[in-house]
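Undergrad: coords please:
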Amino acid sequence: MATATINLSPAVAAYPLLEHYFAALNQGDYSTAAHLFTENGVLYPPFESGIVGPAAIAAYLGREALGMKLYPKTVHPLTTGQTQTLEVRGRVQALIFQVNVRWLFEVGPEDKLQSVTVELLASLEELLHLRPQ
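TA: A predicted model of the protein is given here:
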């Protein structure tokens, strides 16, 4: 089955690691996305504890991100130096809903992801509508 390519914003394309991460997720290549993390890298999904390590992250994404498309729009460096923090804002389209999202990327000196925090940017009322009935 062919997958549609999603054009990432020029802001994201300026950061090859972020571009690779979002492209892999949008193609359903969760293993590739997970292996962009360090061995002790952590994915912090909304409302859940951190998922540690590439194997656990790949398994989690395979269960939870299936069919989602990520549309990052803006990138703002929050810190620089040995470890860089990047804030990305955009939206996620799932099979039955769409929500605005903020991602916080901690990028280590080896250009690997130390952590990714995913925050939903929605009101409580909007979040309640996302719950399965």
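
Undergrad: now the helices for this protein?
TA: 10-13, 16-26, 30-34, 54-64, 124-130 (DSSP state H).

Undergrad: so for Lys73, which of those sits nearest?
TA: Among the helices of the chain, helix 10-13 comes nearest to Lys73, with 7.0 Å by C-beta to C-beta. To be clear about C-beta, it is placed using only N, CA and C from the backbone, and glycine gets the same treatment.

Undergrad: what are the buried residues along that closest one?
TA: The neighbour-count check on helix 10-13 (16 or more other C-beta atoms under 10 Å) flags Ala11, Val12 as buried.

Undergrad: numbering from 23 from now on, please.
TA: Got it, the first residue is 23 from now on, which makes the last one we talked about helix 32-35.

Undergrad: what average pLDDT does that helix get?
TA: The pLDDT scores in helix 32-35 average 86.

Undergrad: what's the offset of that helix from the middle of its chain?
TA: 15 Å (C-alpha atoms, centre = their mean, to the nearest Å).

Undergrad: which residues in this protein form strands?
TA: 59-66, 73-74, 91-101, 106-115, 120-129, 135-142 (DSSP state E).

Undergrad: what is the neighbour count of the closest residue to Leu88 other than its chain neighbours?
TA: With sequence-adjacent residues excluded and distances taken as C-beta to C-beta, 6 or more residues apart in numbering, Leu88 is closest to Gly50, at 7.3 Å. Neighbourhood size, Gly50 [other C-beta atoms under 10 Å]: 18.

Undergrad: how close does the residue lying closest to Trp125 once chain neighbours are set aside get to Arg85?
TA: Closest residue in space to Trp125, ignoring its immediate chain neighbours: Val110 at 4.3 Å, by C-beta to C-beta, 6+ apart. Distance, Val110 to Arg85, using C-beta to C-beta, to the nearest Å: 23 Å.
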